[in-house]
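Colleague: What follows is a predicted protein model with its sequence.
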Amino acid sequence: MSEFAADKPEDVPDADIDQREIENDDAPKTRSESLCPCKSGNSYYICCMPLHHGKAKARTAEELMRSRYSAYFFRLVDYLVETTHPDSREPGLKKELAKSVHNISWQFLTIVDTSKGGTKDKVGKVEFIAKCFVQGEPHELHERSRFRRYKGAWKYLDGVALGDS
Ligand SMILES: [Zn+2]
């Protein structure tokens, strides 16, 4: 008897539909509703977007790392420059990024390991593997990045490329 009801999922009573949160100010799926490129499993809206928009600060080195990956993904050059530690901010960094971000299309991020980089730390390391295409060719970037706080905010200091394994 009840199996008939189960067979017709489209027959949802109106009341149920009304109770759902329908955020529909932008009809097509927007960037903010999509899953964050950093592969956190959260939507961009609650993940890296607040960081990119200056509404929140990375609490951990890993959060900053993820937000920088997403910034590479979306080619947010200003954010990349701003989150680079002043000690590592080469004069031509912005120009170089503005050029290079367009040659790379990022595919996947895996955080391999972290050391320190917590809410009470001043330094931290994040090892990650980022997959990308560089001018159509698949590449894998395996790096251990160093992060250091500057005026309280996490910044990217530098990174060591870890050879192909
Ligand atoms: Zn994210």
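Modeller: Happy to help now that I have it.
Colleague: can we go C-alpha only for contacts and neighbour counts from here?
Modeller: Fine.
Colleague: quick one: the helix or strand hosting Met65 to chain centroid distance?
Modeller: In this assignment (DSSP states H and E), Met65 forms part of helix 61-74. Chain-centre distance of helix 61-74: 4 Å, with CA atoms, centre = their mean, to the nearest Å.
Colleague: I'd like the mean pLDDT over that helix, please.
Modeller: Computed over helix 61-74, the mean pLDDT rounds to 98.
Colleague: Those residues of this protein touching the ion, which are they?
Modeller: Cys36, Cys38, Cys47, Cys48 (CA under 5 Å from the ion).
Colleague: List the residues that contact the third one.
Modeller: The reference is to Cys47. The contact partners of Cys47, taken as CA atoms under 8 Å, 6 or more residues apart in numbering, are Cys36, Ser40.
Colleague: could you measure it against Ser34, distance?
Modeller: Look at Cys47 and Ser34: by CA to CA, to the nearest Å, they are 10 Å apart.
Colleague: And the strands in the chain?
Modeller: When assigned using DSSP state E, the strands of the chain occupy the ranges 104-116, 123-134, 137-150, 153-161.
Colleague: possible to save those as JSON lines with distance to Ser70, mean neighbour count and mean pLDDT?
Modeller: Below are those laid out as JSON lines (distance: least, CA to CA, whole Å; neighbours: other CA atoms under 10 Å; pLDDT from 0 to 100):
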{"stretch": "strand 104-116", "distance to Ser70": "9", "mean neighbour count": "17", "mean pLDDT": "97"}
{"stretch": "strand 123-134", "distance to Ser70": "11", "mean neighbour count": "20", "mean pLDDT": "97"}
{"stretch": "strand 137-150", "distance to Ser70": "15", "mean neighbour count": "18", "mean pLDDT": "97"}
{"stretch": "strand 153-161", "distance to Ser70": "14", "mean neighbour count": "20", "mean pLDDT": "97"}
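Colleague: out of those, which comes closest to Pro91?
Modeller: Pro91 lies closest to strand 153-161 among these, at 14.9 Å (CA to CA).
Colleague: okay, the angle between that closest one and helix 61-74?
Modeller: Between strand 153-161 and helix 61-74, the angle comes out at 70 degrees (axes from the mean of the first three to the mean of the last three CA atoms, to 10 degrees).
Colleague: Show me what strand 153-161 is packed against.
Modeller: helix 61-74, strand 137-150 (3 or more CA pairs under 8 Å, 6 or more residues apart in numbering; DSSP states H and E).
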